[in-house]
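Asks: Fold the stuff below for me.
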Amino acid sequence: MPLILPLLLAVALFCIGVYGVLARRNLITLLMSFELMLNAVNLNLVAFDAWRINEATGQTLAVFVITLAAAEIGLGLAIVLLLFRGQGHVDADAARDLAEQVVEEERAT
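Replies: Next comes the predicted model:
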């Protein structure tokens, strides 16, 4: 299989992920968009590793990226659940406003 096909798929996945990060305000959608971007990177790593037949560095790096993605989702979902319990919604703008409010309260004390 030519190298261009997985690279084009990875570009499409990465662009969809970037659009999701820039256009959406729901935190769960943001996390899913980050996952799409990380999966595009994994696809590139594995495609270039298959293209260079003798070394397995791309696959090794892909395993590290998968581990990083699992940790990110675990922590991100914990934060989303905490915000949902406290506010009743998971809007990214409201979460940023809440963080700014906490910083201002800490400066006042």
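Asks: who's in contact with the residue lying closest to Val11 once chain neighbours are set aside?
Replies: Once flanking residues are discounted, Val11 sits nearest to Ala40: 7.4 Å by CB to CB, 6 or more residues apart in numbering. From N, CA and C alone the C-beta is placed, and that goes for glycine too. Counting by CB atoms under 8 Å, 6 or more residues apart in numbering, Ala40 touches 10-11, 13-14, 17.
Asks: at 7 Å instead, please
Replies: Each residue near Ala40 by CB atoms under 7 Å, 6 or more residues apart in numbering is listed here: 10, 13-14, 17.
Asks: element containing it, please.
Replies: Assigned by DSSP states H and E, Ala40 falls within helix 27-51.
Asks: so after that helix, what's the next helix or strand?
Replies: In N-to-C order, the element after helix 27-51 by DSSP H and E is helix 57-87.
Asks: Give me the angle between the strand or helix carrying Ala10 and helix 27-51.
Replies: For Ala10, the host element (DSSP H and E) is helix 4-23. Note on geometry: by axes from the mean of the first three to the mean of the last three CA atoms, to 10 degrees, helix 4-23 and helix 27-51 are set 160 degrees apart in direction.
Asks: which outside residues touch helix 4-23?
Replies: By CB under 7 Å, 6+ apart, helix 4-23 touches 29-30, 32-34, 36-37, 39-40, 43-44, 47.
Asks: got the buried residues for the helix holding Ala40?
Replies: By 16 or more other CB atoms under 10 Å, the buried positions in helix 27-51 come out as 27, 30-49.
Asks: Point me to the residue sitting closest to the centre of the chain.
Replies: Phe34 (1.9 Å; CA atoms, centre = their mean).
Asks: got a list of what that one touches?
Replies: 17, 21, 72.
Asks: any idea how far the last one is from Val102?
Replies: From Glu72 across to Val102, the span is 22 Å (CB to CB, to the nearest Å).
Asks: Who has more neighbours out of the two?
Replies: Legend: neighbour count by other CB atoms under 10 Å for Glu72 and Val102, higher for Glu72 (14 against 10).
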